[in-house]
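Chemist: next input, structure requested:
(one chain, ligands or ions: 2)
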Amino acid sequence: MPAAPSPAHGAASTDARRPAGDPVDTTTDQAARSSAEKAREKAWKIDLREIGRRAGSMREWDKTLPALAGWGVEMIGVPEGAPVHLRLRLESVMEGVLVSGQVELPVTGQCARCLDPLEDTLTFDVQELYAYSGSTTEATSEEDEVRRIDGESLDLAPLVRDTVVLTLPLSPTCTPDCAGLCVDCGERLDDLPADHSHEVIDPRWAGLAARLADPDTTDSADRPQPGSASRTNPEEN
Ligand SMILES: [Zn+2]
Ligand SMILES: [Zn+2]
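Modeler: Ligands and ions are numbered 1, 2, ... in the order given. As a prediction, the model looks like this:
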């Protein structure tokens, strides 16, 4: 059996829901950029000493952190560096740390119907157990099934990124009932009068259309018969 042909243009077939990977940076200030990125990524890692390892200890955590790159889908996403507001409870439990609370962040994109730019705020709840290495939870779950505590810190970024990517619509709209664009003139239908239309006539029928539009040749159902009285009531015999 021959191997499946690989698509000619691989980039076009990427899954829109997959979070964007490491951006390909071709700028010369790559080093400066990546150090800024590293600082941002570090901000999302909570030091476990902030929470306390004793089961039962709990911390309320209210912080605003900068969004990392690639948090979005094709037509909508979180601008890199945008403020992400986290109101979380971090609870130390036997198996690890339970993270729960609310995340609020700005999203920008483009209406899938009329292509107008759109801005919105996305709010969602999270509840996630980060397992300690060596815990029963870690031993009895698959690698990708549960989030792990990596050394002495807990990385909130993948949790927020994954939730954003799964929550954002693949076809965002500026309003729930956006009518999109007129196929003939490309204007937004919502900006046009309700009776907006274009009279598009197939050139082969142009002659016929012209004759129909001429009042002298238009058939009239109640055209008076020649010679007869024009207003005779047919029911009067
Ligand atoms: Zn729209
Ligand atoms: Zn139009």
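
Chemist: mind checking pLDDT for the closest residue to Arg148 other than its chain neighbours?
Modeler: Counting by CB to CB, 6 or more residues apart in numbering, Ala131 is the residue found nearest to Arg148 once chain neighbours are left out, at 5.7 Å. No exception for glycine: its C-beta is placed from N, CA and C like everyone else's. Ala131 carries a pLDDT value of 90.

Chemist: so who does Ala131 touch?
Modeler: If a contact means CB atoms under 8 Å, 6 or more residues apart in numbering, then Ala131 has Glu95, Gly96, Thr137, Glu138, Ser141, Val146, Arg147, Arg148, Ile149 as its contacts.

Chemist: burial of Ile149, as a residue count?
Modeler: Neighbours of Ile149 under the rule other CB atoms under 10 Å: 20.

Chemist: ditto for Ile46
Modeler: By other CB under 10 Å, neighbour count at Ile46 equals 22.

Chemist: again with Gly134
Modeler: Using other CB under 10 Å, Gly134 has 8 other residues around it.

Chemist: that one in helix, strand or coil?
Modeler: With DSSP: H, G, I helix; E, B strand; the rest coil as the basis, Gly134 sits in coil.

Chemist: quick one on the thing from earlier: just send the contacts of Ala131 back as a markdown table, with pLDDT too.
Modeler: Converted to a markdown table, the contacts of Ala131 look like this (pLDDT from 0 to 100):
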| residue | pLDDT |
| --- | --- |
| Glu95 | 88 |
| Gly96 | 90 |
| Thr137 | 73 |
| Glu138 | 73 |
| Ser141 | 71 |
| Val146 | 81 |
| Arg147 | 87 |
| Arg148 | 86 |
| Ile149 | 87 |
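
Chemist: restrict those residues to those near ligand 1?
Modeler: The subset of these lying close to ligand 1, counting by CB under 5 Å from the ion, is empty.
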